[in-house]
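*Asks:* how would this look folded up:
(one chain, ligands or ions: 1)
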Amino acid sequence: MAKYIFVTGGVLSSVGKGILTSSIGKMLQTRGIKVTVIKIDPYVNVDAGTMNPYMHGEVFVTDDGGETDLDLGWYERFLDLSLKQENNLTTGLIYKSVIEKERRGDFLGRCVQIIPHITNEIKNRLRAIARSSNADVVLTEVGGTVGDIEGLPFLEAIRQMRLEEGSENTLYVHVALVPILDVTMEMKTKPLQHSVNELRRIGIQPDTIVARSPKMIDAEALRKIALFGTIPETAVFCSYNADSVYQVPLILDKQGMGDFICQRFGYKCSGADFTEWKHFVDAIVKPEHEVNIALVGKYAGLTDSYVSMSEALRHGGAACKTRVCITYLEAEKFEQNPECINDLKNYDGIFVPYGFGARGTEGKIAAVKFARENDIPFLGICYGFQLATIEFARNVCNLKDANSSEINPDTPHPVIDLMPEQRGIEYKGATMRLGVHKIILEKGTMAHNLYKTNEIHERHRHRFEVNLDYYEVLTKNGLIYSGKSTDGRRMETMELPNRYFFFASQFHGEFRSRPGRPSPEYYGFISACINKKMGKPKPTFS
Ligand code: GLN
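*Replies:* This next block holds a predicted model:
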C-alpha cells in the first residue's frame, strides 16, 4: 500500500515548492524507496497547453503528449522519472470529468456537489496513480498558496486522505517564506505562522515545516516555527538560497529531513546514497570553464518560459565541467535596432528556442543568420529549427521572402507549412503533434555521431513542419536533414556540415535531458562552444 506526502505552500507562490517536492523525492529515492509525483494546479484550464508561457512559464511535455505544468519537469529531472499526463491534475480536468459523469447519468437522482463528488474524483485519481505507478510513496504538490479559493476542494480532499489512509501513511509538509528584513537583518516567521494557521483552519495540521529563507534560519526562528506550528523542533527544516537548485536535496538531507520522513513512515533504511548526484552537483557548482550563451526568444522577460531548455544547457555544461551563463535576449530588439545584432559576437553560442506566432521571428532569423555567417555555434529547437530552415532558404537558396505559413500565410515560399493532419482542426487544446515519436538518424551525419545510434525517441509539440516541396532545393544547397520520421516524410534534425557547429531539431531534446545524462544535442552544442572558445578544432563527436 502506498504512502502519501502532501506538499502545500504559504505566504506567496514561487517559493520553491516544486524544487522542495522533487528534493523530498530525491531523499527517499536515494534510500531505495520508489516514488512518483503528482502536481495539482487549481486553475480552471484543463491542462497547461493553452496558457501563455509569459504567465505560467513553459509548458512541459510528457512522453505521452501531456501538456503539463513546468514542475513536472523538475520532478523528471530530479528523479529521472517519465511521468504521464495524469500526473498533473487541474480544476478544469476534475470538473470536466465529474460533469461528463453527471451527463452520462452516473449520479442519477442525486445532487452533484463539491463534497463529496469533486473531492472523491480528486482522491480516486491520486489512488489510481498510486496503483498504476507501483510507487511506495506518492508525493503530491498542491499548487498555489494555502487560502486561495480555488485550492480549497483539493485541500479538503487531501485532508480526507489522512482519515482514510491513516496517519502512519500520510505526511503533510508545509513550506513558507521566512524573509529577512534588510533594515534589521531579522528573520521574520510571522507570515509563516499565519499560513500555518490558515492551513489548520482548513483542517490540516502540518507534520513538518520547511522555512524557505535566504539564509539558514537561526535557533530563535526555528524555535518559534516549532512552537507556533505545534511540531517538534526536529520537524523544522530550512531550504536556504543555494548556488544551484540541485543542491537542495543535499541541504535538506544534511538537516535530517530524509531520516525524519523515513522514521515517520516506519521505514528501516540504511543511509542515503547520493554519490552520483553529488558528482553531478560538483560539476555544476565547481566548473573548470565557462561559456556565454545568447538565448534569443520572445518570452525572454520570464526565464521560467525556458526552464527545461536552460536546464538542458546546464546538464550539457556539467558534462564538460563548464558553467553555462545564459543571457535571455528579446528577439524584437534586433528588429527595432538591427545594428544590435553585432552584440551577438560577444557570445560563445547562439540558441534559438521554441515559440509561436509572428512576434520576434524576424529578430530570431537575424540571429540565425549572424550565427551562420560568423560561424558561431548554433542550436535551434522546434521554432528555432523552422526559422533556421527559413534563414537558409532566404539567404543561401535565394528564395525571396521564404517563410512559415504560420508567420505569413501569403508567403511565395512556404518552406515551413502546416502539417496536413492539422488542417481543419479548430480546437486549440491538446491538438498539436505531441509527445514521443521515433526518429531515424542517418549514418555518417553529426546527429548520428552525437546520438551514437540509428533510432531515437524524442518529445514534440508543434503544428508546422518542413515543406517537402522544398526538400530538393534546400539539400542541394548544402543543408542536411540528418534525422527524419520513420516514413521519411518529416524532417526532424538539420545540420550544416561546413560550419563549426550548426544544428537544429524539430523535437525538444530538453524534455528528456537529465542531470548526468544530458540531451546529446545540448551536450554537443555546449561542448562545441567551449571547444571553439579554446581554439580547438571542430568536434566530430564520433
Ligand atoms: N510554432 C511552431 C509550430 O507550431 C513551433 C512550435 C514550437 O516551437 N514548439 O510548429
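
*Asks:* tell me the pLDDT at the residue nearest to G10 when sequence neighbours are not counted?
*Replies:* Nearest-residue entry for G10: S195, 2.5 Å, with adjacent residues in sequence omitted and distances by CB to CB, 6 or more residues apart in numbering. For the C-beta atoms, the positions are set from N, CA and C on the backbone; glycine is no exception. Turning to S195, the model gives it a pLDDT of 95.

*Asks:* need the contact list for S195.
*Replies:* G9, G10, V11, T145, V146, G147, H174, A176 (CB atoms under 8 Å, 6 or more residues apart in numbering).

*Asks:* remind me what whichever helix or strand the first one is part of packs against, helices and strands.
*Replies:* So the one you mean is G9. Assigned by DSSP states H and E, G9 belongs to strand 3-10. Applying 3 or more CB pairs under 8 Å, 6 or more residues apart in numbering; DSSP states H and E, one finds that strand 3-10 contacts helix 17-29, strand 137-142, helix 152-165, strand 170-177, helix 190-201.

*Asks:* partner strands of that strand, parallel or antiparallel?
*Replies:* Based on DSSP bridges, the pairing partners of strand 3-10 within the sheet are strand 137-142 (parallel), strand 170-177 (parallel).

*Asks:* ok, which of these comes nearest the ligand?
*Replies:* With CB to the nearest ligand atom as the criterion, the ligand lies closest to strand 137-142 of the strands paired with strand 3-10, at 25.3 Å.

*Asks:* and the contacts of the closest one?
*Replies:* 2-9, 17-18, 21, 24-25, 28, 33-40, 42, 71, 126, 129-130, 151, 154-155, 158, 265.

*Asks:* out of the contacts of S195, which one has the weakest pLDDT?
*Replies:* Here the lowest pLDDT out of the contacts of S195 sits on V11, with 75.

*Asks:* now do the helices in the stretch 1-150 of the chain.
*Replies:* Assignment of helices within the stretch 1-150 of the chain using DSSP state H, counting those that start in this stretch yields the ranges 17-29, 53-56, 71-79, 91-104, 119-133.

*Asks:* reformat those helices as CSV; add mean neighbour count and distance to E373.
*Replies:* Listed next are those as CSV, based on neighbours: other CB atoms under 10 Å; distance: least, CB to CB, whole Å:
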stretch, mean neighbour count, distance to E373
helix 17-29, 26, 40
helix 53-56, 15, 30
helix 71-79, 25, 34
helix 91-104, 15, 47
helix 119-133, 17, 50
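
*Asks:* hey, least reliable of the ones you listed by pLDDT?
*Replies:* Least confident of the helices of the stretch 1-150 of the chain, judged by mean pLDDT, is helix 53-56 with a mean of 86.

*Asks:* export that helix to PDB, keeping only CA atoms.
*Replies:* Provided in PDB are the C-alpha atoms of helix 53-56 (Å, rounded to 0.1, in the frame of the first residue of the first chain):
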ATOM      1  CA  PRO A  53       4.400  30.900 -21.100                       C
ATOM      2  CA  TYR A  54       4.800  34.500 -20.100                       C
ATOM      3  CA  MET A  55       2.200  34.000 -17.300                       C
ATOM      4  CA  HIS A  56       2.900  30.500 -16.200                       C
END
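
*Asks:* so that it lines up with my notes, have the first residue be 83 from now on.
*Replies:* Yes, from this point I'll number from 83; that puts the last item at helix 135-138.

*Asks:* which residues of the stretch 383-532 of the chain lie near the ligand?
*Replies:* Counting by CB under 6 Å from any ligand atom, the residues of the stretch 383-532 of the chain close to the ligand are Y436, G437, F438, C464, Y465, Q468, E488.

*Asks:* which residue is the nearest non-sequential neighbour of the last one?
*Replies:* Closest residue to E488 apart from its sequence neighbours, by CB to CB, 6+ apart: F546 at 5.2 Å.

*Asks:* burial of that neighbour, as a residue count?
*Replies:* Neighbour count for F546, taken as other CB atoms under 10 Å: 22.

*Asks:* quick one: it and M501 touch, right?
*Replies:* Yes: between F546 and M501 there is a contact under CB atoms under 8 Å: 6.7 Å.

*Asks:* near the ligand, which residues of the chain show up?
*Replies:* Counting by CB under 6 Å from any ligand atom, the chain comes close to the ligand at Y436, G437, F438, C464, Y465, Q468, E488, R543, H544, R545, F546.

*Asks:* which pair of those residues spans the longest distance?
*Replies:* Distances among the residues of the chain next to the ligand were taken as CB to CB; the most separated pair is E488 and R543, at 13.7 Å.
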